[in-house]
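Participant: From the sequence below, what's the structure:
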Amino acid sequence: MSSIYLRDATLPVLFFRSVNGSILKLTDESTKARNVMKFVLRKNIHLNVTVTLLLLLVTLVLWKTLNILIPFIICILALVLQFIYFITSVTKDTLTVVEFVGIYTEAKRVFYGLSSSEFIPWYTVVDIFINEVITGQKVLYYLTIVVRESLDGKDSVKLIPLFQNLTPERKCLEYMYEKLAGLIAPRKTKIQH
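Facilitator: From the prediction side, this is the model:
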């Protein structure tokens, strides 16, 4: 998959593709100060009702003329599933990194109010890297944060993958990684297993 690199002089916007081939818009909203970085990754999702309603109309005509109910029920189920997918789809992922404070991630869904967020305190962040994951017949890449956790006096490591819902291509993750690598450098802490 090839990336589309378009830059506007006023807005630092890059266009990439997701693993599924849809276009993602990455906005680099980082401040001039090196210690605050913000990336917003967006995907435009449209509810394709016209095709489904056309199919519903055709199956309704078949039901009335030939008294066949099964295609009508299948079409209603397809419309409901498409609507559920539209409602639950993530359209915007935000990653904000503030040095010595922490990392804040937020995933917004289609409807306002449906979002999930996570804050990772700075003192727990150990490193950041691009993780390669093989699932089925696909190779996926995730920008992953290594976090140190202490539970009952024992240190452990936790991996937190970012942008899991939008799954941007590797070039997009490499762009963000290059900017973040200097800010989130591996610390010289010893983690016991």
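
Participant: tell me the secondary structure for the closest residue to Trp63 other than its chain neighbours?
Facilitator: The shortest distance from Trp63 to any non-neighbouring residue, by C-beta to C-beta, 6 or more residues apart in numbering, is to Phe72 (4.5 Å). The way it works is simple: take the backbone N, C-alpha and C, and place the C-beta from them, glycine included. Under DSSP: H, G, I helix; E, B strand; the rest coil, the three-state class of Phe72 is helix.

Participant: now do the one 10 residues further on
Facilitator: Secondary structure, three-state DSSP: Gln82 is helix.

Participant: name the element the closest residue to it other than its chain neighbours belongs to?
Facilitator: Ranked by C-beta to C-beta, 6+ apart and with sequence neighbours excluded, the top spatial neighbour of Gln82 is Thr52, at 6.0 Å. In this assignment (DSSP states H and E), Thr52 forms part of helix 49-66.

Participant: May I see the buried residues of that helix?
Facilitator: Thr52, Leu55, Leu56, Thr59, Leu62, Trp63 (16 or more other C-beta atoms under 10 Å).

Participant: which residues of this protein fall in helices?
Facilitator: For the chain, helices defined by DSSP state H occupy the ranges 49-66, 70-88, 170-181.

Participant: and the residue nearest to Arg109 when sequence neighbours are not counted, how many neighbours?
Facilitator: In space, Arg109 comes closest to Val90 once its chain neighbours are excluded; the distance is 5.7 Å by C-beta to C-beta, 6+ apart. Burial of Val90 is recorded as 20 neighbouring residues (other C-beta atoms under 10 Å).

Participant: now Tyr177
Facilitator: Counted with other C-beta under 10 Å, Tyr177 comes out at 16.

Participant: what do you get for Val13?
Facilitator: Neighbours of Val13 using other C-beta under 10 Å come to 16.
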